[in-house]
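>>> Sequence first, then the predicted structure, then my questions.
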Amino acid sequence: MSTSHASRLGVGLIAAAVLLTACAPSPVPSTQMPEAPARKSPARITQRGLYVDLQTGVSSSQILGYRDKNGRPRPFCQLQGASFADRIATDPAGDVMLPDSFTSSITVIGGPRMCGKQLGSFTDPYGQPLDAASDDAATGNIAVANVFDNSGNGSISVCTLANGCTTNLTNKNMVQVAGVAMANNGDCWASAVTSSFVSTLTYFQHCAGSGQQSGGYQNKAYGGLELDSKGNILSISWSGTGSQLYVYQGCRPQCTLIGGPFTLKHATMTGHLDGDGKLFAAADYQRARVDVYGYTPTSLTYQYSLTDGLSAGAAAGVAFTPRSKE
């Protein structure tokens, strides 16, 4: 596929994914800063915080962990060995998913402790992974967004950690895919564009079949997806001069806009909610920072920006741990 195909979008992250060549994936050990002795069994401790995917080169990245202390994230730990993570994502248990377009692989790091041990990894044979979503990444289905699949169009791979990817979901409205979301009942959605760069949301019941285009979808561009505790879809509309966030109800397949569009402070392609569903963190790729907002389905209020430790690269992705439960 040509690099000009992706560069028309003006999205540095996706352009990089198109240019990458395959190499063997490397294991992902982790290091963690010392902390006071735990009073409970480590297996029962859920550490709240967020991860930032800091891209430090065309094919290299660091995953930085920030622990929540007094309502603000502070540097805590770092995942080592991730060659290139495109959009970091977490599940409600705190497991971490690292889609890597450089190696066409997805690595899963176990929770609920931050910067835990690698549970395993698998190769996506269908395309270039850009985003991932799961309600249970350790044992359940993982929906993987391929910005391009092997046919040159976007797709959603349906995978498990144990068996890898067994299904590739395609739709004529998914020429390039930027984001994916998965509900706790197994339904999934893809944020994509058509060959004419019209923004679309495609619904796959139980993450299977040929998909249906969601009516009532008003995004001007594609971007990341997230689900809140009520099952509403948070959909980012990317812009290099300032992105917007839309909140939809339904989308099975008909959408009803119930919040927004809310103007985000910077050029954001992806963002996620915290475990309580009250904070939304958005990665500002152009300015190497993460903006945090107070969230309800009908309001979005800027709280603060995280820049600590991010000067060495671009903040390509961010995810709270654990993420909100539907």
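Everything's here; your move. Nothing here was measured: the structure is a model prediction, and the numbers come from that model.

>>> start to end distance for stretch 148-168?
The separation between the terminal residues of stretch 148-168, taken as Cα to Cα, to the nearest Å, is 12 Å.

>>> Tell me which residues are up against that stretch.
Applying Cβ atoms under 8 Å, 6 or more residues apart in numbering, the contact partners of stretch 148-168 are 1, 6, 17-18, 106, 108, 119-120, 122-129, 137-147, 169-170, 174-177, 180, 188, 190, 192, 204, 207-208. (Glycine included, C-beta is placed from N, CA and C.)

>>> what about burial for those, which qualify?
Buried residues within the contacts of stretch 148-168, counting neighbours by 16 or more other Cβ atoms under 10 Å: 6, 17-18, 106, 108, 119, 122-124, 126-129, 137-138, 141-147, 169-170, 174-177, 180, 188, 190, 192, 204, 207.

>>> Among those residues, name the ones in strands.
The strands, defined by DSSP state E, take in 106, 108, 119, 122-123, 127-129, 142-147, 169, 176-177, 180, 188, 190, 192, 204 from these.

>>> Is residue 116 in contact with residue 93, as I believe?
No - Residue 116 lies out of contact with residue 93 (Cβ atoms under 8 Å); the separation is 10.6 Å.

>>> Quick check: residue 63 is in a strand.
Yes - the assignment for residue 63 (DSSP: H, G, I helix; E, B strand; the rest coil) places it in a strand.

>>> what's the closest non-adjacent residue to it?
In space, residue 63 comes closest to residue 79 once its chain neighbours are excluded; the distance is 3.8 Å by Cβ to Cβ, 6 or more residues apart in numbering.

>>> and the one you found, what are its bridge partners?
When bridges are called by DSSP bridges, residue 79 pairs up with residue 30, residue 63.

>>> which residues touch it?
28, 30, 51, 62-63, 65, 96, 98, 109, 115.

>>> Filter these down to just the buried residues.
Buried members of these, scored by 16+ other Cβ under 10 Å, are 28, 30, 51, 62-63, 65, 96, 98, 109, 115.

>>> Can you tell me which of those residues is nearest residue 292?
residue 51 (13.5 Å; Cβ to Cβ).

>>> The closest one falls within a strand, correct?
Yes - assessed by three-state DSSP, residue 51 belongs to a strand.

>>> which residues does it contact?
63-66, 79, 88, 90, 96, 114, 318-319, 321.

>>> rerun at 7 Å
Contacts for residue 51 (Cβ atoms under 7 Å, 6 or more residues apart in numbering) come out as 63-65, 88, 96, 318-319, 321.

>>> likewise residue 215?
Applying Cβ under 7 Å, 6+ apart, the residues contacting residue 215 are 253-255.

>>> all helices of the stretch 101-250 of the chain, in order?
Assigned by DSSP state H, counting those that start in this stretch, the stretch 101-250 of the chain shows no helices.

>>> where in the chain is pLDDT low?
Where the chain drops to pLDDT under 70, the residues are 1-45, 58-59, 80-83.

>>> and stretch 57-73, how far out from the chain's middle?
Averaging C-alpha positions (Cα atoms, centre = their mean, to the nearest Å) puts stretch 57-73 14 Å from its chain's average.

>>> Quick check: buried residues in it?
Of the residues in stretch 57-73, 59, 61-68, 73 count as buried by neighbour count, 16+ other Cβ under 10 Å.

>>> Out of those, which two sit at the greatest distance?
Going by Cβ to Cβ, the pair spanning the buried residues of stretch 57-73 furthest: 59 and 68, at 30.9 Å.

>>> re earlier: out of the contacts of residue 215, which are buried?
253, 255.

>>> As TSV, the contacts of residue 215 with distance to residue 215 would be great.
Formatted as TSV, those follow (distance: Cβ to Cβ, whole Å):
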residue	distance to residue 215
253	7
254	5
255	7
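
>>> Which ones among the contacts of residue 215 map onto strands?
The strands, defined by DSSP E, take in residue 255 from those.

>>> Just give me the closest of the contacts of residue 215 to residue 199.
Distances from residue 199 to these, taken by Cβ to Cβ, are shortest for residue 255, at 12.1 Å.

>>> residues near residue 229, how many?
14 (other Cβ atoms under 10 Å).
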